[in-house]
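J.: need coordinates for the below:
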Amino acid sequence: MSDADVEIIDVIVVGAGISGLYAAYRLQQKSPELKILVLEAKDRVGGRTLTVDLQTSLNENESETDRFDLGGQWVTDTQVNITALLQELQLHTYDQYHTGKSIAELHRRVQQYSLSLPYISLLSFLESIYNILQLESLAANVPTWNPMMARNADYLDRHTLAHLMKPWICNSANPLMTAAVRTVFGCEPEQVNALFALTYAQAGGGFMRLTLTDPGCAQEKKIKGGSQQVSQLLVEKIGKDKVLLETPVQKIVQNDDGIVIVTTTQNQTFQCRKLILAIPPSQIIPIQFEPMLPGYKREMLKHMPIGSYLKFIFTFDKAFWREDGLSGEVISDGSFSPLGQSIGPMTYLIDGTTSNGTPALLGFIGGRCASVWTSVTREERRKGLLECLSRYFGGHKISTHLIDYAEKDWNLEPYSGGCPCHNATTGTMKDFVDGLRKPYKNIHFAGTETASQWMGYMDGAVDAGRRAASEILVSFRQDEQLRDDDIDQYTFENQNRKYQNCRVPRSNFYYAIPIIIVTIAALTKVFYPNIFQLNKKMTSIFARQLWTNFGSTSFLRPTIQFQPSVRTKMARRLNRHRVPTHAKPTDSWAQKKAVARIVEPELAYDDEFAKRKPIDKVWLTKEYPIRSWPLETVLQWHREMMQPKMLNSLDSFVWARLKLDMTTAKKTKFIETVKGLVTFPHYFEDRPRKNVVLFCRLPEHMKAAEKHGAYMFGYTEVIKQFERGDMTDTNYEYVLCAPDVYADILHLRKKISKDKFPNPQYGSLHPNVDQMLEKFIRGKEYQSAKYEEARGIVDLRFGIINMSDEQLAENFQALVEQLSTHSQTKVGPFVTGCSVYCPPSTEEFRVDVTPFLPSEEDVLEKKELDKQVMDDLIKKSAPEIGDDLLKTLPSIK
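T.: Modelled structure (predicted):
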């Protein structure tokens, strides 16, 4: 078929997300005679909205499911565009549950709070308020249509959001702000343009609106049945025959005669008069354009990377957190890092209960957390998230009520590449308006990133789709047709003309910030009189900084770091007791302090002064060493905190944080990591039972496997299932083997991953099959993380707080002894210290670990015994295996 025979379509829309489908729907509404075609590269519609079915019952015979969103899902009444569309599509909403206390995990400590912000200390609380009000005041002065019209726009465009969040009294508020940025933007504060962040916030009504669940805020309501219904119903309105799925666009050519030729990856060709690109900015770059897009558009698109985001959902048979008076909302800075990762997986968590009442918790992994945890397996992410949930709500409740788990790694989503939105880098906002919104010949641009209100949200997608449709309707209008305000007011030309010289006046709220902070401080002084026991100098700095920032004309002047180091503080304090060289002997002050001249330098330190309680709460560990307490005393203190009249959490797990000496006999060599399994004498349930496969053929081994509840065990039939490929790594967690059948499974090394193949180094090949099964089925996993080159740390639960002291002490003893087996040949204990904590309490006490440490002789003896057992087990149990086979095992030399 020649080009002349190809049907010319009036409008082609590339992208079947909400923005593209709404643009097509509005074109069809306003001008039904237009021929419209929608091309979508994915096998579904909806873009960054996705609704899936998840299991809601533990009964495998019952297939009860409910609908959950793994993409965008929240709406609010202040989002007028999406609200009107939902009413038109007859979709209903329901409120997001936010009754009860929220949880904050900052600086590795878990605490509950009832206010909009977590309260760590007075200074951090006031600084959090200051940072938020500062950002709100700056955002209020940014016009969303043309951000470069804002005051100090050039300054803001050259800096990142982290520059605006620079601490001005202390650093304790920074983790909270960083966690909020990861949740909203999917990136770190150092990666996003300050002016873009303010524009993004202003488009949604301010930073607080983007982060809260209150009325009028971004997380106020959810759509019954899922948000993907919006796109699916729009397809029904447009016509399913007009939407082509799995049709990626490869090339766009604009001819001189005004015809646009669209070529797909399947070499399909379409011709149209107008084209709407309603796809993410990062997906426009791979498309070939003839002629090429203008330079300002190419530069803007290249400097708008998309955020890094994962969304997960846990379904339960009971909303136990509501019974405990919790809202289910958690904000985390990622300081708790399970499985030895450099940062934790949790960024934000919230109640995800559906309109049908199915209990669930949904959350996000964003920014650097997502960059780290997207590289691990799905099962490892699930384990890490369950560790975090156990810290917040109690491991026993999580393991008892858990039903299903689902996740969506948007970084791996084809034709999206990330979520929730694209973020501009520094120095690019000069091309923001023309680079994203301005049409280029017959190509118009939509998508939520091009919106002027609620960009990044479903409401912004509707706003951008309406603008693109209005531009096309105006271009098709005949000269004799009258102007339609419902269409013309939304075009790029009219909006650009309207806001070209518009500067947003400085908000009156800007001047009210100092009054609000001083009022909060005064009320705090009335109700909490002891909270202001601060250094007088710090108080004066606080007042002076308020006056400097809010009384000056330049609000963006860099602030000064007023927090001196501990060494600086101690030097100042010691200088108070020195006699100045110009002092005369007759001076009364010099006479009182003359003793300082004659005392030896090493004795000139004033011990009495150092032992006094400093008013700035800085103690010298030389004079005030941190005290270690007996384990029984620490457990008693935690039980008192968990009583029903206190935290009412007697089923909480007891955690041990052990510090390890990672040095070896060689000074320049250090142990990289320590991981393994520990079997506690007194078992406690903290997670679902692990799936273990055992290769065996002796009756006593099969009986032991049945007793311990192995997932699968046997000889010939099990080997055949692996050979056929019926068993994959997702079906099991460990593979164990009895020594007498090891030679028969060597050919399965390509079917079983290297880290799961039976190996005496990991204990998965052992002559004592009963002990091996108990270790891998009932044992607890641990893995160290380094905080210094020669120092490691291990966090592990060793019991439940309502267990007896004897049981917990024996479990703790087993943990210390197991960790001590990793010690290299050197002097000194491997476990150098320990502290015990019990979430949700934030208290952490140091425990005297000395009584639990095994002697060096016992450790060496045990290691020699284990090595001898490993060297003998194969030769004695399987004579047909020779020395050549022994060399294939890493632990047998």
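
J.: going forward, measure contacts and count neighbours with C-alpha atoms only.
T.: Noted.

J.: what's the distance between A370 and S332?
T.: 13 Å (C-alpha to C-alpha, to the nearest Å).

J.: just I129 next, same as before
T.: 18 Å.

J.: which of the two has more neighbours?
T.: Neighbour tally, I129 and S332, criterion other C-alpha atoms under 10 Å: the higher count belongs to S332, 28 against 18.

J.: who's the more buried one bridged to?
T.: Beta-bridge partners for S332, by DSSP bridges, are E105.

J.: how about it, what does it touch?
T.: Residues near S332 by C-alpha atoms under 8 Å, 6 or more residues apart in numbering: 104-106, 176, 179, 346-348.

J.: tell me the pLDDT at it?
T.: pLDDT for S332: 93.

J.: go on, E623?
T.: 67.

J.: what about the spatially closest residue to R44 that is not a sequence neighbour, neighbour count?
T.: Distance criterion C-alpha to C-alpha, 6 or more residues apart in numbering; nearest residue to R44, sequence neighbours excluded, is L245 at 6.6 Å. A count of nearby residues for L245, using other C-alpha under 10 Å, gives 16.

J.: measure L245 to L37 for me?
T.: For L245, the distance to L37 - C-alpha to C-alpha - is 11 Å.

J.: try L819
T.: In terms of C-alpha to C-alpha, L819 sits 65 Å off from L37.

J.: picking that back up, ok, the residue nearest to R44 - contacts?
T.: So L245 contacts 39-45 (C-alpha under 8 Å, 6+ apart).

J.: what's the PyMOL line that selects buried ones from those residues?
T.: Those of these that count as buried under 16 or more other C-alpha atoms under 10 Å are selected in PyMOL with:
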select buried, resi 39+40+41+42+44+45
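
J.: narrow the contacts of L245 to those in helices?
T.: Among those, DSSP state H puts none in helices.

J.: which of the contacts of L245 sits closest to F270?
T.: L39 (10.2 Å; C-alpha to C-alpha).

J.: for the closest one, which residues make a bridge with it?
T.: Going by DSSP bridges, L39 forms beta bridges with V14, L244.

J.: wait, it touches Q250, no?
T.: No - at 11.6 Å, L39 does not count as touching Q250 under the criterion of C-alpha atoms under 8 Å.

J.: residues touching E774, list them.
T.: Taking C-alpha under 8 Å, 6+ apart as the test, what E774 contacts is 679, 708.

J.: and what of D53?
T.: Contacts of D53 by C-alpha under 8 Å, 6+ apart are 65-68.

J.: buried subset of these, written for PyMOL?
T.: Remark: buried members of the contacts of D53, expressed as a PyMOL selection using 16+ other C-alpha under 10 Å:
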select buried, resi 66+67+68
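
J.: which one of the contacts of D53 is nearest to E188?
T.: F68 (27.6 Å).

J.: any idea how far that closest one lies from K224?
T.: 10 Å.

J.: so what sits against both of the two?
T.: T354.

J.: all helices of the stretch 251-400 of the chain, in order?
T.: 281-284, 295-302, 320-323, 368-373, 378-393, 395-401 (DSSP state H, counting those that start in this stretch).

J.: could I get the longest one in PDB with only the CA atoms?
T.: What that stands for is helix 378-393. The C-alpha coordinates for helix 378-393 follow below in PDB (Å, rounded to 0.1, in the frame of the first residue of the first chain):
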ATOM      1  CA  ARG A 378      12.400 -10.600  45.900                       C
ATOM      2  CA  GLU A 379      12.700 -13.000  48.800                       C
ATOM      3  CA  GLU A 380      15.500 -11.000  50.400                       C
ATOM      4  CA  ARG A 381      13.400  -7.800  50.100                       C
ATOM      5  CA  ARG A 382      10.500  -9.600  51.700                       C
ATOM      6  CA  LYS A 383      12.700 -10.700  54.600                       C
ATOM      7  CA  GLY A 384      14.100  -7.200  55.100                       C
ATOM      8  CA  LEU A 385      10.700  -5.600  55.100                       C
ATOM      9  CA  LEU A 386       9.400  -8.200  57.600                       C
ATOM     10  CA  GLU A 387      12.300  -7.400  59.800                       C
ATOM     11  CA  CYS A 388      11.200  -3.800  59.800                       C
ATOM     12  CA  LEU A 389       7.600  -4.500  60.400                       C
ATOM     13  CA  SER A 390       8.500  -6.700  63.300                       C
ATOM     14  CA  ARG A 391      10.300  -3.700  64.900                       C
ATOM     15  CA  TYR A 392       7.300  -1.500  64.500                       C
ATOM     16  CA  PHE A 393       4.400  -3.800  65.400                       C
END
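
J.: host element of G20?
T.: helix 18-30 (DSSP states H and E).

J.: in that helix, which residues are buried?
T.: Neighbour-count burial for helix 18-30 [16+ other C-alpha under 10 Å]: 18-28.

J.: farthest pair within those residues?
T.: Top of the distance list for those (C-alpha to C-alpha): I18 and Q28, 15.1 Å.

J.: returning to that earlier point: what's the closest of the contacts of S332 to V735?
T.: Nearest member of the contacts of S332 to V735, counting by C-alpha to C-alpha, is M346, at 29.8 Å.

J.: the closest one touches G334, doesn't it?
T.: Yes - between M346 and G334 there is a contact under C-alpha under 8 Å: 5.8 Å.

J.: shared neighbours of those two, anything?
T.: Common neighbours of M346 and G334 (C-alpha under 8 Å, 6+ apart) are C369.

J.: neighbour count for those two, which is higher?
T.: Neighbour tally, M346 and G334, criterion other C-alpha under 10 Å: the higher count belongs to M346, 28 against 25.

J.: quick one, what contacts that one?
T.: 331-334, 363-365, 369, 385, 388 are the contacts of M346 under C-alpha under 8 Å, 6+ apart.

J.: same thing but at 7 Å, please
T.: By C-alpha atoms under 7 Å, 6 or more residues apart in numbering, M346 lies in contact with 332, 334, 364-365, 385.

J.: in CSV: those residues, plus distance to L773.
T.: Listed next are those as CSV, based on distance: C-alpha to C-alpha, whole Å:
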residue, distance to L773
S332, 36
G334, 34
F364, 36
I365, 35
L385, 26
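
J.: quick one: the helices in the stretch 401-550 of the chain?
T.: Going by DSSP H, counting those that start in this stretch, the stretch 401-550 of the chain shows helices at 432-436, 458-476, 485-488, 492-499, 509-527, 536-551.

J.: and those, which one is worst for confidence?
T.: Looking at these, the bottom one is helix 536-551 with a mean of 45.

J.: neighbours of P839, how many?
T.: 24.

J.: check the gap between it and K669 for me.
T.: 36 Å.

J.: next one: Q96
T.: For Q96, the distance to K669 - C-alpha to C-alpha - is 53 Å.

J.: which one of the two is surrounded by more residues?
T.: Relative neighbour count places Q96 above the other of Q96 and K669, with 22 against 12, counting by other C-alpha under 10 Å.

J.: not counting sequence-adjacent ones, nearest residue to the more buried one?
T.: K221 (5.1 Å).

J.: what's the answer for D409, then?
T.: Counting by C-alpha to C-alpha, 6+ apart, the residue nearest D409 is L310, at 4.6 Å.

J.: what's around R749, how many residues?
T.: Neighbours around R749, by other C-alpha under 10 Å: 12.

J.: likewise for D241?
T.: Around D241 there are 10 residues (other C-alpha under 10 Å).

J.: quick check: phi and psi on it?
T.: phi -70, psi -10 (degrees, to the nearest 10).
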